[in-house]
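Trainee: generate a structure from the sequence data that follows.
(2 chains)
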2 protein chains.
Amino acid sequence: MSTLKTLNNADLEFFQSIVSRERFSTGESELDLHAHDESGHPSQRPSVVLWPLSTQEVSKIVTYANEHKIPITPYAAGTSLEGNPIPVRGGIALDMRKMDQILEVHPQDLQVMVQPGLDFKTLNDKLKKHGLFFPPDPGATATIGGMVANNAKGIRAIKYGSTGDQVLSLEVVLPNGQIIKCGTRAMRTSSGYDLVRLFVGSEGTLGVITEVTLRLTGLPREFMAVVACFDSVEQATQTVVQMVQAGLTPAALEFIDTEIIQLVNRFKKMTMREAPTLFIEFQGSSRVALEDEINFVKELCHGNGCKSFAAGVGREERDRLWEARYSVHESIKTAYPGQHGYVVDVAVPISAYPEIVRFANEAIASRKLVGPAFGHAGEGNLHAEILYVSPREQALAKEANNAIVHKALDLGGTATGEHGVGIGKREFMQREHGASLELMRQIKNLFDPNGIMNPGKKI
Amino acid sequence: MSTLKTLNNADLEFFQSIVSRERFSTGESELDLHAHDESGHPSQRPSVVLWPLSTQEVSKIVTYANEHKIPITPYAAGTSLEGNPIPVRGGIALDMRKMDQILEVHPQDLQVMVQPGLDFKTLNDKLKKHGLFFPPDPGATATIGGMVANNAKGIRAIKYGSTGDQVLSLEVVLPNGQIIKCGTRAMRTSSGYDLVRLFVGSEGTLGVITEVTLRLTGLPREFMAVVACFDSVEQATQTVVQMVQAGLTPAALEFIDTEIIQLVNRFKKMTMREAPTLFIEFQGSSRVALEDEINFVKELCHGNGCKSFAAGVGREERDRLWEARYSVHESIKTAYPGQHGYVVDVAVPISAYPEIVRFANEAIASRKLVGPAFGHAGEGNLHAEILYVSPREQALAKEANNAIVHKALDLGGTATGEHGVGIGKREFMQREHGASLELMRQIKNLFDPNGIMNPGKKI
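Mentor: As a prediction, this is how the structure comes out:
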């Protein structure tokens, strides 16, 4: 890794010859735009930004970079939260956003083949006419390539699975510049080793994804939503545990703590009850079936001392009830202007969810920090945004986050539920993976012996 | 690979010292029992059969075998259909069936940790009291370890996913004897590379699975079943395509051709209409919801000229209607005593299912062979049992199978939907995977440089 080199003029001339002048930049503003993601990790400029248009261009760039040991970090929407695409060793920021075409739609097979720079919201807009959609929704306007590289999940994973669960096949440029295809358009296969799943979530460290075939889902005909408030975090999270244990199949099952509800009320001029709250969504083809599930949820909520239960039928009612959920991040930012957020992301087995929430609150409060908590509760995934201004507060926020991660690991969970390892979670890999980590390093070394692909990340 | 050696007395003494005399055999009958699976691939005896009881014993055996370059083939129920556990290079048959304990049940998390030698039917019997089950059902009484190693699917994969989809974590003894754990008990993780999915479906070529943590599903409260007959294969398979496209979520969606229905009628003294038939099952928590789906299915069936539509409510009715489906294999065996079956297993995108069925029928009939067809139609997975006695018929059966595999690949599908590569599908790997195959070989070589693990299989 230490042999990675910085770019010289000959390198830059070569890259410009590949992508043309319009898709090449060493301008300060572009370098700055590609120096960070949405995390608080320190910025680092690349030496050059390249916008390839084709797999062939990517292959030529990667081949040259590999021969000359130049670092390459794939970059797309920059919405990640663990520093995943920050080019910490400089080199090339390979901006994939101009490779944003839908290549093939197979409505009869519920499949689509896309380039990685397409964002999932645009994809879903274009799929509407076919009555289909790509379910994962990580919140921010992420690209498909970024979502695959980070195995993005978001609020709908509880029903539809992760991004990786939707990936049927990939085209990848390996670190030596070779172009491979893995996977098939069949729904099931037992053929060969599962390379698709090795690239999913590899955060750009094993190659550059240049084409993705996704399975799609029919647009649900019916929507229902519930907002339920409780006196205590314990009651709210116990309701989540019971819903999962009862085998209910919500399309989303989200927890938000009291403080966030207060911030949202202030920011959106709403009058929600200021209490620990669950946002629940059901999607399906049969209204009676959804009503059945909602009735069951209502029973469970009331059994746990629910103080306010609002249910709505239809997409519009769902969107109205869920408005607060979509305002979490902005409400926090508005309430604490100029403050940074240290974003917690751990996941535990569902029975341990009440405990991890309690522990996180305590870990944050005991350090006199503010850290509103929320999460994809139905998946056992907890987030908090621990706010800080001073270096001292930042250090305390990191300390709280570390304690929360170790607690999640104690509980049989994982250091990162959905944001990936990036920079921030590398220090926990040894504890989480033990002897497996060395095997992961060997795989990385097999794929990328020169260590050019997104160096300094993941493992 | 050519350097693999045969066992000498010192080797045998060492292995006996590890597993004790009771769990060691070089007896002819045991060697014969471990020389084959349920496929028609030629038998090959191992030199010794060992029955380890613990991960530590497995590790000691593998460490020694690796140092001495002795082949090891993990063996369990022997129900596979592509020669997957036939010890073609001799050496050790590592029979995992005495490692059959349930190690931990986490009913609150819908999880169980088991040893690999436990069969899935016994597991499900023991889980009943918790109201939980492990959904994959490959038909035969397979072990969990075998199901993970082959990523078994079966009739329920359309609703619940493959075996791999249920695996949260694994303990594996690597070919160098090292014991690693991969995965976590959290439902979602973005941590490290997905080693779990690399071992899933690796057919014992990358290591020995010694512990498996599975996610479970709540036992469904309601069952409904449909048996629908059509005038033509085309009508039946088009109905399948339309059901999938409509977003229906059957728990099983199986196709059986006319000939099999005739054989089942004869074997089970039944009076089913002798026509291409769909067996459909729905499972869920709400009877109204299932009735809704059944009504929709009825419409689709009648729209496609369905000639007989029988629906039943409840588990018993479901089992009665499905009796024929579970008698397929035995009915064929009984009707053609002494004949071997060359088992077809391909999968295609759903829209191509009618075409692959038509093609397979033609490929078999044009060679004057008999090959009743059936399959997990909802997944695009087609099976046929091509019968043969003479070497000439066997060669023709292989020729027909090859043609069907190439057609499936032409249609964007895969050479093996669920039976794995084993011996029989290796010849198609280059075409299916192209440049990826070399990467798979490198991964195999990284894990198992001496090539001791299940040599001669997969890639």
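
Trainee: secondary structure element for A:Gly422?
Mentor: Using DSSP states H and E, A:Gly422 falls within no helix or strand.

Trainee: now it: how far from B:Met270?
Mentor: From A:Gly422 over to B:Met270 the distance is 60 Å, taken as C-beta to C-beta, to the nearest Å. All C-beta atoms are positioned from the backbone trio N, CA, C, and that covers glycine.

Trainee: write out the residues of the stretch 351-459 of chain A neighbouring chain B.
Mentor: Neighbours of chain B within the stretch 351-459 of chain A, by C-beta under 8 Å from any C-beta of the partner chain: A:351, A:376, A:379-381, A:408, A:412-421, A:425, A:428-429, A:432-437, A:439-440, A:442-444, A:446-447, A:458-459.

Trainee: can you select the buried ones from those residues in PyMOL?
Mentor: To isolate in PyMOL the members of those that are buried, counting by 16 or more other C-beta atoms under 10 Å in any protein chain shown, one can use:
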select buried, chain A and resi 351+376+379+380+381+408+412+413+414+415+416+417+418+419+420+421+425+428+429+432+433+436+437+439+440+443+444+446+447+458+459
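
Trainee: mind listing which of the residues of the stretch 351-459 of chain A next to chain B are in strands?
Mentor: Among those, the members found in strands (DSSP state E) are A:His376, A:Asn381.

Trainee: can stretch A:40-59 be said to contact chain B?
Mentor: No - if you take C-beta under 8 Å from any C-beta as the test, stretch A:40-59 misses chain B, and the best it gets is 11.8 Å.

Trainee: partners of the nearest residue to A:Val313 once chain neighbours are set aside in the sheet?
Mentor: Among residues not flanking A:Val313 along the chain, A:Met224 sits closest, at 5.4 Å (C-beta to C-beta, 6 or more residues apart in numbering or on different chains). Under the criterion DSSP bridges, A:Met224 forms beta bridges with A:Phe282, A:Val313.

Trainee: hmm, back to that, from the residues of the stretch 351-459 of chain A next to chain B, which ones fall inside helices?
Mentor: Judged by DSSP state H, these include A:408, A:429, A:432-433, A:436-437, A:439-440, A:442-444, A:446-447 as members of helices.

Trainee: determine which two of these are furthest apart.
Mentor: Comparing all pairs in those by C-beta to C-beta, the longest separation belongs to A:Ala408 and A:Leu446, at 29.9 Å.

Trainee: what's the first helix or strand after the one helix or strand A:Ile158 maps to?
Mentor: In this assignment (DSSP H and E), A:Ile158 forms part of helix A:157-160. Next in sequence after helix A:157-160, counting helices and strands by DSSP H and E, comes helix A:163-166.

Trainee: so which elements touch that next one?
Mentor: Counting contacts by 3 or more C-beta pairs under 8 Å, 6 or more residues apart in numbering or on different chains; DSSP states H and E, helix A:163-166 is packed against helix A:144-149.

Trainee: for the helix it packs on, packing partners?
Mentor: Here helix A:144-149 touches helix A:120-127, helix A:163-166, strand A:208-215, going by 3+ C-beta pairs under 8 Å, 6+ apart.

Trainee: at 7 Å instead, please
Mentor: Under the contact criterion of 3 or more C-beta pairs under 7 Å, 6 or more residues apart in numbering or on different chains; DSSP states H and E, helix A:144-149 touches helix A:120-127, strand A:208-215.

Trainee: so the residue nearest to A:Val313 makes contact with A:Phe282?
Mentor: Yes - with contact defined as C-beta atoms under 7 Å, A:Met224 and A:Phe282 form a contacting pair (4.6 Å).

Trainee: who touches both of these two?
Mentor: Taking C-beta atoms under 7 Å, 6 or more residues apart in numbering or on different chains as the contact rule, A:Met224 and A:Phe282 both touch A:Leu290, A:Ile294.

Trainee: which residue is nearest the middle of chain A?
Mentor: Here the mean C-alpha position of chain A is nearest to the C-alpha of A:Ala152 (C-alpha atoms, centre = their mean), at a distance of 3.6 Å.

Trainee: so who does it touch?
Mentor: A:Pro136, A:Pro138, A:Ala142, A:Thr163, A:Glu418.

Trainee: which residue is the nearest non-sequential neighbour of it?
Mentor: A:Pro138 (4.2 Å).

Trainee: isn't the one you found up against A:Gly154?
Mentor: Yes - A:Pro138 is within contact range of A:Gly154, at 4.1 Å (criterion: C-beta under 7 Å).

Trainee: and stretch A:21-33, what's its mean pLDDT?
Mentor: Stretch A:21-33 carries an average pLDDT of 97.

Trainee: get me the contact residues on the stretch 101-250 of chain A for chain B.
Mentor: Within the stretch 101-250 of chain A, the positions adjacent to chain B are A:106, A:108-111, A:150-151, A:153, A:157, A:162, A:178, A:180-182, A:184-195, A:197-198, A:200-202, A:218, A:245, A:247 by C-beta under 7 Å from any C-beta of the partner chain.

Trainee: A:Ala93 touches A:Tyr75, doesn't it?
Mentor: Yes - at 4.6 Å, A:Ala93 and A:Tyr75 qualify as touching, with contact defined as C-beta under 7 Å.

Trainee: intersection of neighbour lists for those two?
Mentor: Counting by C-beta under 7 Å, 6+ apart, the residues touching both A:Ala93 and A:Tyr75 are A:His34.

Trainee: higher neighbour count, these two?
Mentor: Ranked by neighbour count (other C-beta atoms under 10 Å in any protein chain shown), A:Ala93 and A:Tyr75 place A:Tyr75 first, with 31 against 27.

Trainee: who's that one bridged to?
Mentor: With DSSP bridges as the rule, A:Tyr75 is bridged to A:Asp95.

Trainee: contacts only, for it.
Mentor: A:His34, A:Pro85, A:Ala93, A:Leu94, A:Asp95, A:Met96.

Trainee: list the contacts for the nearest residue in space to A:Val405 that is not next to it in sequence?
Mentor: Once flanking residues are discounted, A:Val405 sits nearest to A:Ala415: 5.0 Å by C-beta to C-beta, 6+ apart. Taking C-beta under 7 Å, 6+ apart as the criterion, A:Ala415 is in contact with A:Val346, A:Val405, A:Ala408, A:Leu409, A:Lys425, A:Phe428, A:Glu432, B:Ser191.

Trainee: can you redo those residues as JSON lines with pLDDT and distance to A:Ala228?
Mentor: Formatted as JSON lines, the contacts of A:Ala415 follow (pLDDT from 0 to 100; distance: C-beta to C-beta, whole Å):
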{"residue": "A:Val346", "pLDDT": "98", "distance to A:Ala228": "24"}
{"residue": "A:Val405", "pLDDT": "98", "distance to A:Ala228": "29"}
{"residue": "A:Ala408", "pLDDT": "98", "distance to A:Ala228": "25"}
{"residue": "A:Leu409", "pLDDT": "98", "distance to A:Ala228": "30"}
{"residue": "A:Lys425", "pLDDT": "97", "distance to A:Ala228": "32"}
{"residue": "A:Phe428", "pLDDT": "97", "distance to A:Ala228": "33"}
{"residue": "A:Glu432", "pLDDT": "98", "distance to A:Ala228": "33"}
{"residue": "B:Ser191", "pLDDT": "95", "distance to A:Ala228": "31"}
